[in-house]
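>>> Could you work out the structure for the sequence below:
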Amino acid sequence: MREHHHVMTWRVILPKTNIAMTLCRWRHDGHDGGHRRHPGRARTRRAVIDLHTLRQFLVVARLEHLSRAADELHVAQPSLSRTIARLESELGTPLFDRAGRLRLNDAGKLFRDYVERSLGELDAGRRAVAEAASEGLGTVRLASETFLALARPLAAFRRAHPSIEVELHQMAAGDMARHLRAQDVDLCVATQPIPAEGLQAVQLLDEAVWLATPLDHPLAARTSVGVDDLADQPFITTRQGHWQRRLLDHLFAARGRTPKIVCEGDEPAAIQALIVAGLGVGLAPAIARRAPSSSTVAWVAVDSPDSRRTLTLLWGTGNHLSTAARLMRSTITGWDWIAGEP
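Numbering: from 1, shown residues only. Purely as a prediction, here's the structure:
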């Protein structure tokens, strides 16, 4: 008796390739479905790939390390290695370079972007159906480089909508566009330029960036300083990738100089504490001057038109936004960022 397939499929054609990829969930039926070849007919390579394999691939692609990926996925490394090898065999091309440490190659990056978008659409559909079925407001997923500037708007949102679940994701600006297009997050607040393709954006704030110094620092009594005045000053800043570091490097490069960095890290909130301790000076946005702790440092204007930062809210063009996400967008865009209130 012939066994029956029970298959749900999504067919994705990868541009610039001849691969027709079928994503599927199915019951194992023991044979390959009996596909027949037709002589003389141009054929397309067809890979039947389950969603579990694709999600495992994304973890390996993100970590570029099989052992760490296996640990995160709670699978044996040999099993994960075979899964990736089967995927590459089905696609007909390697996805990773294996000379030395594991690296995602150009084909892997292309495939990763399409897989993220495909799985993002499926997840968005599931959330939309769940929202419609429950008649609820859904969940909002917000990403930002830092949440210091968002604390008050988020508190106001929580008071206005206590039943809405809010997921916060700290994320580097360079990763935001890809995660928005993949619908891993609904909204992003960025302080650095983001590629605009496939995204919509609203500027929230354009503000000056000041120099913060210890209260007893020789520059503390100045009303303003030029970049040349800061040539020998010890700077406390963030690592590469954060807006403070990008701005600091830009200001000094414009004068043909390199900043003297004595401390760099991943905690922007720690910068002011280290400045108060007398370890150096640093850049801080004007919005920080409204914080209760602002009186613990001296604020000096930087005499450069480039010493500014912007806050921008972004979301994916055409992405499904839950009611919760739309309410969050309205709260953030309607916020008075100068006054610090709705």
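>>> buried set for stretch 281-291?
For stretch 281-291, a neighbour-count test (16 or more other Cβ atoms under 10 Å) marks 281-288 as buried. All C-beta atoms are positioned from the backbone trio N, CA, C, and that covers glycine.
>>> do the same with stretch 188-207
Within stretch 188-207, the residues that qualify as buried are 188-192, 194, 199, 204-205, 207, counting by 16+ other Cβ under 10 Å.
>>> swap in stretch 232-242?
Neighbour counts over stretch 232-242 (16+ other Cβ under 10 Å) mark 233, 235-238, 242 as buried.
>>> same question, stretch 65-75
Across stretch 65-75, burial judged by 16+ other Cβ under 10 Å covers 66, 69-70, 73.
>>> Columns secondary structure, distance to residue 160 and pLDDT on top of the residues you listed, output as JSON lines?
JSON lines is the format used below for the buried residues of stretch 65-75 (DSSP: H, G, I helix; E, B strand; the rest coil; distance: Cβ to Cβ, whole Å; pLDDT from 0 to 100):
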{"residue": "66", "secondary structure": "helix", "distance to residue 160": "46", "pLDDT": "92"}
{"residue": "69", "secondary structure": "helix", "distance to residue 160": "40", "pLDDT": "92"}
{"residue": "70", "secondary structure": "helix", "distance to residue 160": "43", "pLDDT": "92"}
{"residue": "73", "secondary structure": "helix", "distance to residue 160": "39", "pLDDT": "92"}
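>>> Of those residues, just say which sits nearest to residue 263.
residue 69 (32.6 Å; Cβ to Cβ).
>>> What's the separation between the closest one and residue 51?
From residue 69 over to residue 51 the distance is 17 Å, taken as Cβ to Cβ, to the nearest Å.
>>> Also residue 129?
For residue 129 relative to residue 51 (Cβ to Cβ), the value is 17 Å.
>>> ok, these two, which is more surrounded?
Legend: neighbour count by other Cβ atoms under 10 Å for residue 129 and residue 51, higher for residue 51 (15 against 10).
>>> pretty sure that one is touching residue 123, no?
No. With contacts defined as Cβ atoms under 8 Å, residue 51 does not count as touching residue 123, sitting 10.4 Å away.
>>> before we move on, back to that, could you export the buried residues of stretch 232-242 to JSON lines, including columns for secondary structure?
Conversion of the buried residues of stretch 232-242 to JSON lines gives the following (DSSP: H, G, I helix; E, B strand; the rest coil):
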{"residue": "233", "secondary structure": "coil"}
{"residue": "235", "secondary structure": "strand"}
{"residue": "236", "secondary structure": "strand"}
{"residue": "237", "secondary structure": "strand"}
{"residue": "238", "secondary structure": "strand"}
{"residue": "242", "secondary structure": "coil"}
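>>> What separation do you get for the nearest residue to residue 210 once chain neighbours are set aside and residue 212?
Distances taken as Cβ to Cβ, 6 or more residues apart in numbering place residue 299 nearest to residue 210, at 4.9 Å, with adjacent residues excluded. Residue 299 sits 6 Å away from residue 212 when distances are taken as Cβ to Cβ.
>>> one step back: the residue nearest to residue 210 touches residue 291, doesn't it?
No. The pair formed by residue 299 and residue 291 falls short of the contact definition of Cβ under 8 Å, at 11.3 Å.
>>> got a list of what residue 177 touches?
194-195, 197-199, 314 (Cβ atoms under 8 Å, 6 or more residues apart in numbering).
>>> Where does it sit: helix, strand or coil?
Taken by three-state DSSP, the conformation at residue 177 corresponds to helix.
>>> where does the chain have its least confident helix or strand?
strand 7-13 (a mean of 41; mean pLDDT, DSSP states H and E).
>>> residue boundaries of the helices in the chain?
All helices of the chain, identified by DSSP state H, fall at 51-63, 66-73, 77-91, 106-134, 151-160, 173-181, 243-253, 268-276, 323-333.
>>> Would you single out the least confident of these?
Looking at those, the lowest mean pLDDT belongs to helix 106-134 (a mean of 80).
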